[in-house]
Structure formats: C-alpha cells, structure tokens
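Chemist: okay, sequence plus prediction incoming.
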Amino acid sequence: MNSHNSIFIFKAENAALTSAVFSSFESMCDWIQKYYLSGMVIEYPLDVSSYDWAVENGYFARKSPIDSAPIFIASFVSAYQKQWHFKHGEILEEITEENQQ
C-alpha cells in the first residue's frame, strides 16, 4: 500500500474502538512512544474499503455467498494490510505481506 494513499489507525489493547488516526507512520509511532501505549496499528487504504482494496488487488476472491454479505464486508480486514503490534511504546511485531506468506 502506498503511504500517500493510506492512513494509520491505532486501537489499544482490549479497546472496543480506535483512538487515533494519523496520515504518517512516523507521526503515529511518535505518539505511541510518547505515551508508552500498547495496541495495534493497521494501515488502511484511503477512500476505499479494505474489502474492495483486497478484491481489486487480487488478495481476496469471493468464493461463497457469505463473502458478499453485508456483515462480512462491514467487518473485513485483509491479512495483506500492514499491521504493527506495540507494547509500552515499542514495536513488538510488524506484519506485512512478505511475512504473511
């Protein structure tokens, strides 16, 4: 995903909702480190859903009717979206397309 066409969203451990959105990964990291936060950051495409992005880029193919159901689409996050796990402000793990395979 091109970082100019994406945003970075932070969700704290055990939180139901997200608490921060940044346009750059560097700004997100600075904020997380400043407050020693624990949680997960996911890079999301801008102006397109995760579902549509994954389908358009060949990361997901509809195989059954449930794959087109509103409940499925509304909660869809692709394993191909970059993810970072933080603990007390430090990156524990980076999950990218390369280490998914």
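Modeler: It's in.
Chemist: how is Glu26 assigned, secondary-structure-wise?
Modeler: Assigned by DSSP: H, G, I helix; E, B strand; the rest coil, the conformation of Glu26 is helix.
Chemist: once you drop chain neighbours, what's closest to the one residue sitting closest to the centre of the chain?
Modeler: Per CA atoms, centre = their mean, the C-alpha nearest to the average position across the chain is that of Ile42, at 2.2 Å. In this structure, Ile42 finds its nearest non-sequential neighbour in Gln83, 5.1 Å apart by CB to CB, 6 or more residues apart in numbering. Glycine gets a C-beta too; all of them are placed from N, C-alpha and C.
Chemist: show me where pLDDT drops low in this protein?
Modeler: Confidence mapping of the chain against pLDDT under 70 gives the ranges 2-4, 96-101.
Chemist: can you pull out the helices in it?
Modeler: Counting by DSSP state H, one finds helices in the chain at the ranges 25-34, 50-56, 70-74, 97-100.
Chemist: now render these as a markdown table, adding mean neighbour count and distance to Glu90.
Modeler: Below are the helices of the chain laid out as a markdown table (neighbours: other CB atoms under 10 Å; distance: least, CB to CB, whole Å):
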| stretch | mean neighbour count | distance to Glu90 |
| --- | --- | --- |
| helix 25-34 | 15 | 8 |
| helix 50-56 | 18 | 26 |
| helix 70-74 | 10 | 32 |
| helix 97-100 | 11 | 18 |
